[in-house]
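**Q** How does the following fold in three dimensions:
(chains A and B)
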Amino acid sequence: MHLAAPEVGILGTVPIVAGTVPLAAGAAFAYKMRGEDTVAVAFFGDGALEEGQVHESMNLAALYRLPLMLICENNLYASHLHWNERRVADNLYRAGEFHSVPGERVDGNDVQAVHEAARAAVDRARSGDGPTLIECRTFRWRGHVGASYDLDVGVERRGELAEWLPRDPVRRVANELLESGVGDLAQREQAIDARIRCAVEAACAH
Amino acid sequence: MRTLTYAEAIREAHAQLLAGDSRVFVIGQGLWSPWYAGSSLEGLDREFGRERIVDSPVSENAVTGMAVGAALAGLRPIVFHPRMDFMLLAMDPIVNQAANWSYLFGGESGVPLVIRAVINRGGQQGAQHSQALHAMFMHVPGLQVVMPSTPSDAKGLLVAAMAEPNPVLYIDDRWLYAERGEVPAEPFSVPIGKAAVRRSGSDVTLIGVSWMAAECLRAAGILEREGIDAEVVDLRSLKPWDKEAVAESVSRTGRAVVADGGWRTAGVSAEIAAEVTERVFDDLLAPVARVTLPDTPAPASLAEERAYYPGADQIASAARGLLRGKSGRVKRAAA
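**A** Got it, this is the predicted structure:
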């Protein structure tokens, strides 16, 4: 729940859903004040846009032209509620319009599409044009808490999940890499899997 | 030594901190206008530039969150709330984020942030413009809370707060802005968590914080004319507060009046009374007395304000009550 790796620029993750958005704006303020070309990135879910501090932060970031990317991972559910139980319109990428923060919607399960949108937002941030909101459409496979499928909390999402499983972004990018002629992909995947397994086992033993 | 007002001392601390460290900046509402901060920030924008003295939109929540993030990214922010009432909109960044941060991440990452809040009551401004909410914040682990009552402490505690690796809530009081006192010209620190004995005495200890510490001193003057010798302890810091200094004083005098400008229930006075009772029960000659606001929101009429805010007279009256006991005669601790 509380992850941080300042050595690679991850300042921290916390469970108050919109809590880190103004913090990222503050980090962007620091980068700008020091004249660095670092861009701050706030990662949050669709539920976070229901908390006011995201909207306050967008106005401040636009006003001060902060180098900030706002990445909304819209997995359609916040806790146990589908987006249409929480909003009238499916239009999160437009949330910044009132604050002059441009928004874009991309297929969040398409690594290349996410990369291109992020690239444009970084360029925009570095050239002093301020923040960008990117809504990455995806789906939450597992539960809001833990590795269950939410059946334990009475939410039936298996039909939707069956539609989303074939769009697995990791599988998709692997297939693209294979098509582009990366030869030893299976070997690399095995090595990555082994590293992840080791890390998880070490963490569990802690 | 030269003298400054309380507001001038706050301004001087800001100016010296800004001049001494390029990481320092100030953000919040009203920084470019004396309407909000009196003379406590006057002209800082002209001296240090509006990139470092940032008068913000009315977004208490995100502005405070930005200050937390800027601190995490290596700056040394002072976030300014010209009325503490509005700071309630910033509870998430203050309590959930800043106060908890170093505990969330195993102490590897802290939030070196000063949150400055002004208590700005009176003047018939009513319930939402008058609140002294320090006890709420004193309750939160991970937050240090300081409340200077003199010009010298106003400067020294701000300098000390800025040197802390974790968040400090610095609360000043508009009713103190015109108080004048000696203040060293160079930057200096007043240690957080240390009380100051403003007046020595042997009959009763008057314990106050911020404005009420000043009222305790006036109460001691009233009591002196009646032959009652009061000691005055100015807490200066609320979290941590100087339990040893208070216990030592009360163990000598045997009597304590706690005066606080906040509400009574679950307030600062309750905390201090409980701690005094735990520490020096055997030395007490009377129950700990409390002088606080009544448990109601601030009124908006001048006549009601006069009844609402306690001061030196109420503190002196509480002290007399402790000394007289049931017989009505003044009792003293055995010499």
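**Q** What is the longest strand seen in chain B packed up against?
**A** Longest strand in chain B, counting residues (DSSP state E): strand B:256-263. With contacts taken as 3 or more CB pairs under 8 Å, 6 or more residues apart in numbering or on different chains; DSSP states H and E, strand B:256-263 sits against helix B:134-138, strand B:204-208, helix B:211-225, helix B:268-280, strand B:289-293, helix B:312-324. From N, CA and C alone the C-beta is placed, and that goes for glycine too.
**Q** Give me the contact list for the fifth one.
**A** When contacts are defined by CB atoms under 8 Å, 6 or more residues apart in numbering or on different chains, strand B:289-293 is touched by residues B:132, B:212, B:255-264, B:267, B:269-270, B:273, B:308-310, B:314-315, B:318-319, B:321-322.
**Q** how does it look with 6 Å?
**A** For strand B:289-293, the external contacting residues (CB atoms under 6 Å, 6 or more residues apart in numbering or on different chains) are B:257-260, B:263-264, B:267, B:269, B:310, B:314-315, B:318, B:322.
**Q** Is it correct that A:Met1 is in contact with A:Ile16?
**A** No - contact criterion CB atoms under 6 Å: A:Met1 and A:Ile16 do not qualify, at 10.8 Å.
**Q** Dump the C-alpha coordinates for the longest strand of chain B into CSV.
**A** Presented in CSV, the C-alpha positions along strand B:256-263 are these (Å, rounded to 0.1, in the frame of the first residue of the first chain):
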residue,chain,number,x,y,z
ALA,B,256,-2.7,25.0,38.6
VAL,B,257,-5.0,27.0,36.3
VAL,B,258,-4.9,26.0,32.6
ALA,B,259,-5.9,28.9,30.3
ASP,B,260,-6.6,28.0,26.7
GLY,B,261,-8.2,30.0,23.9
GLY,B,262,-9.9,26.9,22.5
TRP,B,263,-12.9,24.9,23.6
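**Q** where exactly do the strands run in chain A?
**A** Here chain A has its strands, by DSSP E, at A:40-45, A:68-74, A:77-78, A:81-82, A:103-107, A:132-137.
**Q** Which of these sits closest to B:Val145?
**A** Across the strands of chain A, B:Val145 has its closest neighbour in strand A:40-45 (29.2 Å, CB to CB).
**Q** how far off strand A:68-74 does that closest one point, in degrees?
**A** Angle between the axes of strand A:40-45 and strand A:68-74 is 20 degrees (criterion: axes from the mean of the first three to the mean of the last three CA atoms, to 10 degrees).
**Q** Show me which residues of chain B sit near chain A.
**A** Residues of chain B that fall close to chain A, judged by CB under 6 Å from any CB of the partner chain: B:59, B:61-62, B:65-66, B:68-70, B:72-75, B:92, B:96-97, B:104-105, B:109.
**Q** Give me the more crowded residue out of A:Met1 and A:Ile16.
**A** It is A:Ile16, of A:Met1 and A:Ile16, that has more neighbours when counted by other CB atoms under 10 Å in any protein chain shown, with 16 against 6.
**Q** what about the closest residue to the more buried one other than its chain neighbours, neighbour count?
**A** Sequence neighbours aside, B:Asn96 is the residue nearest to A:Ile16 in space, at 5.1 Å (criterion: CB to CB, 6 or more residues apart in numbering or on different chains). Close neighbours of B:Asn96, defined as other CB under 10 Å, add up to 18.
**Q** before we move on, what SS does B:Asn96 have?
**A** Per DSSP: H, G, I helix; E, B strand; the rest coil, the secondary structure class of B:Asn96 is helix.
**Q** That one and B:Ala90, how far apart?
**A** Here B:Asn96 is placed at a distance of 10 Å from B:Ala90 (CB to CB, to the nearest Å).
**Q** Likewise for A:Asn59?
**A** Applying CB to CB, the value for A:Asn59 to B:Ala90 is 15 Å.
**Q** Looking at the two, which one has more neighbours?
**A** Set A:Asn59 next to B:Ala90 and count neighbours by other CB under 10 Å: B:Ala90 wins out with 26 against 19.
**Q** The closest residue to that one other than its chain neighbours: which element?
**A** Using CB to CB, 6+ apart and skipping the chain neighbours, the partner closest in space to B:Ala90 is B:Thr64 (3.7 Å). Element membership for B:Thr64, per DSSP states H and E: helix B:60-72.
**Q** In PDB, list the C-alpha atoms belonging to the next helix or strand after that helix.
**A** Per DSSP H and E, the first helix or strand lying C-terminal to helix B:60-72 is strand B:76-81. Extracted in PDB, the C-alpha atoms of strand B:76-81 (Å, rounded to 0.1, in the frame of the first residue of the first chain):
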ATOM      1  CA  ARG B  76      11.300  24.000   2.000                       C
ATOM      2  CA  PRO B  77       7.800  25.400   1.800                       C
ATOM      3  CA  ILE B  78       5.800  27.500   4.200                       C
ATOM      4  CA  VAL B  79       2.100  27.100   3.400                       C
ATOM      5  CA  PHE B  80       0.000  30.000   4.800                       C
ATOM      6  CA  HIS B  81      -3.600  29.800   6.000                       C
END
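**Q** How about the next helix-or-strand element following strand B:76-81, which residues are buried there?
**A** Scanning forward in sequence from strand B:76-81 by DSSP H and E, the next helix or strand is helix B:84-87. Residues of helix B:84-87 classed as buried under the neighbour-count rule (16 or more other CB atoms under 10 Å in any protein chain shown) are B:84-87.
**Q** circling back: turn the strands of chain A into CSV, columns for distance to B:Arg121 and mean neighbour count.
**A** As requested, the strands of chain A are exported to CSV (distance: least, CB to CB, whole Å; neighbours: other CB atoms under 10 Å in any protein chain shown):
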stretch, distance to B:Arg121, mean neighbour count
strand A:40-45, 37, 21
strand A:68-74, 37, 24
strand A:77-78, 40, 21
strand A:81-82, 42, 14
strand A:103-107, 43, 18
strand A:132-137, 41, 24
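**Q** Adding distance to chain B and mean pLDDT, write those out as TSV.
**A** Below are the strands of chain A laid out as TSV (distance: least, CB to the nearest CB, whole Å; pLDDT from 0 to 100):
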stretch	distance to chain B	mean pLDDT
strand A:40-45	8	97
strand A:68-74	10	98
strand A:77-78	17	93
strand A:81-82	21	92
strand A:103-107	18	98
strand A:132-137	15	98
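**Q** hang on, the earlier thing: kindly reformat the buried residues of helix B:84-87 as CSV and extend each row with pLDDT.
**A** Output for the buried residues of helix B:84-87, formatted as CSV (pLDDT from 0 to 100):
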residue, pLDDT
B:Met84, 96
B:Asp85, 96
B:Phe86, 97
B:Met87, 97
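**Q** which of these lies closest to chain A?
**A** Distance to chain A across these (CB to the nearest CB) is lowest for B:Phe86, with 12.9 Å.
**Q** Can you verify my assumption that that closest one contacts B:Glu60?
**A** Yes - using CB under 6 Å, B:Phe86 is in contact with B:Glu60, at 5.2 Å.
**Q** Just the pLDDT for the residue located most distally from the centre of chain A.
**A** Going by CA atoms, centre = their mean, the residue of chain A most distant from its centre is A:Gly183, 29.8 Å out. Per-residue confidence at A:Gly183 stands at 76 (pLDDT).
**Q** go on, A:Ala205?
**A** pLDDT recorded at A:Ala205 is 91.
**Q** What of B:Lys331?
**A** At B:Lys331, the model reports a pLDDT of 59.
**Q** which residues touch B:Arg198?
**A** B:Arg198 is in contact with B:217, B:232, B:234, counting by CB under 6 Å, 6+ apart.
**Q** How much space separates the second one from chain A?
**A** Spelled out, that is B:Val232. Distance of B:Val232 to chain A, computed by CB to the nearest CB, to the nearest Å: 41 Å.
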